[in-house]
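Trainee: What follows is a predicted protein model with its sequence.
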Amino acid sequence: MKIFTTRQEVAQYFTHKAGETIGFVPTLGALHKGHISLVKQAQQICTEVVCSIFVNPTQFNDPKDLEKYPRPIAADIAMLEQADCDILFNPAVSEIYDDNEKWHLDIGDMEHLLEGKFRPGHYQGVMQVVNKLFNIVKPDIAFFGQKDYQQFMVISKMVELLNMPVKLVMCPIKRETDGLAMSSRNIHLTDYDRQHALILSKALSWVKANFNAGNIAQLQQQAEQMVSSEPGIGLEYFEIVDGDTLKPATADTKKIVALVAARAGKTRLIDNMLI
Ligand code: AMP
């Protein structure tokens with residue numbers, strides 16, 4: 001695997017590679033099998049796969065969260081080598097941002113719903129960095145996880161508004177055998193948190209199993225109750241929404257997604273399920 005830390009190295013490498021289909025998997029690192037499943041999916045349809053590891057400061061609204069974000073770069077490199085990834089792009093913050101850089105793109109309501117209410121500014125930071133990374137890597141196809149469903153919708157909106165020449169693919173959520181969605185943040189969970197965090201996927205599965213289009217509000221309330229009464233779990237939201245607009249689902253909604261965010265001890269977790 002080639003490891004590049006500058007934009008120039010990436011640009012230079014690809015000038016000699018006409019006719020390739022470049023697949024791109026952007027990450028914050030602390031890789032797990034969920035990330036690797038994106039690399040594997042990219043390898044199915046692309047001739048060169050680039051993974052980036054960049055803990056993007058502009059998408060963290062909480063400086064403590066940024067500081068404690070795990071950065072096990074040696075283990076990450078080993079996992080990517082093992083997965084036969086072609087290129088790792090691992091830039092420093094100064095390679096991506098100049099001082100006092102400004103970014104804002106109006107994508108309408110979507111930015112302020114769900115995660116947006118609890119992480120103000122988060123999606124502007126996500127769009128800012130993904131826009132930069134797309135301009136550097138120039139991928140034909142970029143792969144994102146359903147795990148961050150709203151993020152996928154936000155990036156799709158940006159790509160549409162800015163007419164970016166990239167196709168986006170959403171990859172399924174990888175879970176531990178007991179249902180917990182894999183996440184880089186799971187390493188912060190104590191045994192107690194880990195055990196009680198299972199209520200997130202349990203509540204989502206319960207909604208899916210008991211879904212009734214005529215009774216969405218009540219289902220949502222019951223799921224909220226289920227999560228918030230779990231010891232050690234602090235519910236932020238549990239919502240059943242239209243998968244295209246992220247606004248509350250109604251009896252006529254075709255594509256329905258249930259999404260949840262909660263704190264397990266000090267660790268903030270998100271999960272979702274297509275209903
Ligand atoms: P992150 O490093 O958390 O920003 O994640 C990088 C990419 O991996 C994003 O597109 C995530 O949605 C995706 N991802 C994270 N966790 C999982 C998972 N459990 N299954 C599938 N994809 C995931």
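Mentor: Sure thing, it's come through.

Trainee: pLDDT at Asp99, what is it?
Mentor: For Asp99, the model assigns a pLDDT of 88.

Trainee: Tell me how many other residues crowd it.
Mentor: A count of neighbours around Asp99, defined by other Cβ atoms under 10 Å, yields 5. For glycine as for every other residue, the C-beta is placed from the backbone atoms N, C-alpha and C.

Trainee: Is it in a helix, a strand, or coil?
Mentor: coil (DSSP: H, G, I helix; E, B strand; the rest coil).

Trainee: List the residues that contact the residue in the stretch 101-250 of the chain that the ligand sits nearest to.
Mentor: Relative to the ligand, the nearest point of the stretch 101-250 of the chain is Gly145 (2.4 Å; Cβ to the nearest ligand atom). Gly145 makes contact with Gly34, His35, Leu38, Phe152, Met170, Cys171, Pro172, Ile173, Lys174, according to Cβ atoms under 8 Å, 6 or more residues apart in numbering.

Trainee: just Leu113 next, same as before
Mentor: Gln150, Val241, Leu246, Lys247.

Trainee: Please report phi then psi for it.
Mentor: phi -80, psi 170 (degrees, to the nearest 10).

Trainee: Point out the other helices and strands that the longest helix seen in the chain packs with.
Mentor: Counting residues, the longest helix in the chain under DSSP state H turns out to be helix 122-137. In this structure, helix 122-137 makes packing contacts with helix 7-15, strand 22-27, strand 48-53, strand 87-89, helix 93-96, helix 115-118, helix 149-161, judged by 3 or more Cβ pairs under 8 Å, 6 or more residues apart in numbering; DSSP states H and E.

Trainee: give me the beta-bridge partners of the closest residue to Ser52 other than its chain neighbours?
Mentor: Of all residues not flanking Ser52 in the chain, Phe89 sits nearest, at 4.3 Å (Cβ to Cβ, 6 or more residues apart in numbering). Note on Phe89: beta-bridge partners by DSSP bridges are Phe4, Ser52.

Trainee: If anything else comes up later, I'll come back, but that's it for now.
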